[in-house]
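1. coordinates only, sequence not included:
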Ligand code: MLT
């Protein structure tokens, strides 16, 4: 797997300046890849409120949704260089910078919100935080839980991988996700998230996958008709801060930032559980989308996609890393190479 090179820090962010020796009022900028109304925005808004409350208004966080501050992958570079304070982005867009995070996007590893919570809030989540600091120069402060990624398309009901034939599907620039579609017999089109709506609208691609909440927030129902209720990847969206900026904070402020991230994470989990079903109903009843159930209890999807696991053992740090994750989830070890 290709690892993106990071450029050395050249500029100092507001967070770096805010809490060196003396705490003073500051405004931090937070990039958000999705539109307002999604789980990323909900996490960001809650984090901002928590920071406001916990610092008596000293830290004001401005949210910039809809990729206004650049593509999700660009915001990692910018946070690590110290020219952006905070970003919320999908985990699949961190993997190119910190390949071990890929264990979270291997198909059918995380099978629902409980799995996602257990991993992110346990030892695996701690290790992900250490690895992204080491590899990408950014610290994970919190997690948005967005739900299973559902395949949507504008052309026809898709129940089996063979139904994908003839469809052009957009995927993030993530080698594991590209390989998953290849295992299902199609060559997907890797495209930045910020370009996805336009590509769907103009018919450059026929489909994509993302959770119900994201499909709704991004108004994909305007350009997509069918949703397949499969769950090959659970969408996790970390809130990150440049490690240089974090280290420039006083110890008290570091604790405040960490605790605000934990509170926002808990809110995100509750938000998913209380809102996803209603959003799914709205996509059908108000926006006329059709939900298709995967054939044979998703068996072909699962068998074909999980056959790619061994190809990624090296990039995620060894088969034992996946086995640790599976064991934490109470499942059998992964197959040998
Ligand atoms: C992607 O598909 O690139 C991301 O999952 C989108 C997102 O950030 O919600």
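-> Okay, I see it. Predicted model, so just to flag it, every value in this text is computed and none were measured.

2. stretch 213-221 vs the ligand: in contact?
-> Yes. Interface with the ligand: stretch 213-221 contributes residue 214 (CB under 6 Å from any ligand atom). The C-beta positions use only the backbone N, C-alpha and C, and glycine is treated the same way.

3. how many neighbouring residues does the closest residue to residue 210 other than its chain neighbours have?
-> Leaving aside its sequence neighbours, residue 210 sits nearest to residue 149 (CB to CB, 6 or more residues apart in numbering; 5.6 Å). Residues near residue 149, counting by other CB atoms under 10 Å, number 25.

4. so in this protein, which strand runs the longest?
-> The single longest strand within the chain, with elements called by DSSP state E, is strand 138-148.

5. pairing partners for the following helix or strand past that strand, with directions?
-> Helices and strands here follow DSSP states H and E; after strand 138-148, the next one along the chain is strand 150-153. Sheet pairing of strand 150-153 (DSSP bridges) gives strand 207-210 (antiparallel), strand 226-228 (antiparallel).

6. so what touches strand 150-153?
-> Residues outside strand 150-153 that contact it (CB atoms under 8 Å, 6 or more residues apart in numbering) are 158, 167, 169, 206-212, 215, 220, 224-231, 289.

7. hmm, back to that, buried deepest among the strands paired with strand 150-153, which one?
-> Of all those, strand 207-210 has the most neighbours on average by mean count of other CB atoms under 10 Å, namely a mean of 27.

8. distance between that strand and the chain's centre?
-> 14 Å (CA atoms, centre = their mean, to the nearest Å).

9. which part of the stretch 1-150 of the chain gets nearest to the ligand, residue-wise?
-> At 3.2 Å from the ligand, residue 90 is the closest residue in the stretch 1-150 of the chain, using CB to the nearest ligand atom.

10. after the longest helix anywhere in the chain, heading C-terminal, what element do we hit next?
-> For the chain, the longest helix by residue count, based on DSSP state H, is helix 251-285. Downstream of helix 251-285, the next assigned helix or strand under DSSP H and E is strand 290-292.

11. quick check: mean pLDDT of that next one?
-> Averaged across strand 290-292, the pLDDT comes to 98.

12. center of this protein, which residue is that?
-> Central residue of the chain (CA atoms, centre = their mean): residue 90, 2.0 Å from the mean position.

13. right, and that residue touches residue 235 too?
-> Yes. If you go by CB atoms under 8 Å, residue 90 and residue 235 touch, sitting 6.2 Å apart.

14. look at the nearest residue to residue 58 once chain neighbours are set aside and report its pLDDT.
-> Spatially, and ignoring its direct neighbours in sequence, residue 58 is nearest to residue 25 (4.9 Å; CB to CB, 6+ apart). We have a pLDDT of 85 for residue 25.

15. residues from the stretch 1-150 of the chain in reach of the ligand?
-> Within the stretch 1-150 of the chain, the positions lying close to the ligand (CB under 6 Å from any ligand atom) are 33-34, 72, 89-90, 92-93.
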